[in-house]
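>>> Here is a sequence with its predicted model. Questions after.
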Amino acid sequence: LVGGVFVFEVLSVMIQVSYFKATKGKAGLGPKVGRRVSHVAPLHHHFETEGIAQTKIVIRFWIVGVVLAALGLATLKLR
């Protein structure tokens, strides 16, 4: 839970590559260029291409990281 931002970044790359390869046509069977889930991978680069400032992305990821860290600590207290 604590490393949720990093896991989500890696998952975004894995999903992008898998989807691109799955939609790519075989030799002679359709288009040879695959489709993409987002503009680019990893996810923070997708947000940059959408026009969001890099500092705003980093601060939002920090906030998500702090929330996930707090949730991780809260689950330790529940046991």
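Looks like it arrived, so ask away.
>>> which other helices and strands contact the helix or strand that contains Ala74?
Assessed by DSSP states H and E, Ala74 sits inside helix 54-78. Judged by 3 or more Cβ pairs under 8 Å, 6 or more residues apart in numbering; DSSP states H and E, the packing partners of helix 54-78 are helix 4-23, helix 43-49. Using the backbone N, CA and C atoms, a C-beta is placed for each residue, glycine as well.
>>> Dump those helices to CSV, plus mean pLDDT and mean neighbour count.
Formatted as CSV, these follow (pLDDT from 0 to 100; neighbours: other Cβ atoms under 10 Å):
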stretch, mean pLDDT, mean neighbour count
helix 4-23, 87, 14
helix 43-49, 86, 17
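>>> Can I get those helices in a markdown table including distance to Val37?
Output for the helices and strands packed on helix 54-78, formatted as a markdown table (distance: least, Cβ to Cβ, whole Å):
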| stretch | distance to Val37 |
| --- | --- |
| helix 4-23 | 5 |
| helix 43-49 | 9 |
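>>> Quick check: which of those is nearest to Lys56?
Closest to Lys56 of these is helix 43-49 (Cβ to Cβ; 8.5 Å).
>>> elements contacting that closest one?
helix 4-23, helix 54-78.
>>> Between the ones you listed, which one is closest to Ala41.
helix 4-23 (3.8 Å).
>>> which residues are contacting that closest one?
With contact meaning Cβ atoms under 8 Å, 6 or more residues apart in numbering, helix 4-23 is reached by 34-38, 40-44, 46, 61, 64-65, 68.
>>> Filter those down to the buried ones, ChimeraX style.
In ChimeraX syntax, the buried subset of the contacts of helix 4-23 is picked out as below (16 or more other Cβ atoms under 10 Å):
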select :38,41,42,43,44,46,61,68
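>>> Name the nearest residue to His46, ignoring sequence neighbours.
Ser38 (4.1 Å; Cβ to Cβ, 6 or more residues apart in numbering).
>>> Contact partners for the one you found?
By Cβ under 8 Å, 6+ apart, the neighbours of Ser38 are 12, 16, 46.
>>> same thing but 10 Å
Taking Cβ atoms under 10 Å, 6 or more residues apart in numbering as the contact definition, Ser38 lies against 12, 15-16, 19, 45-47, 49-50.
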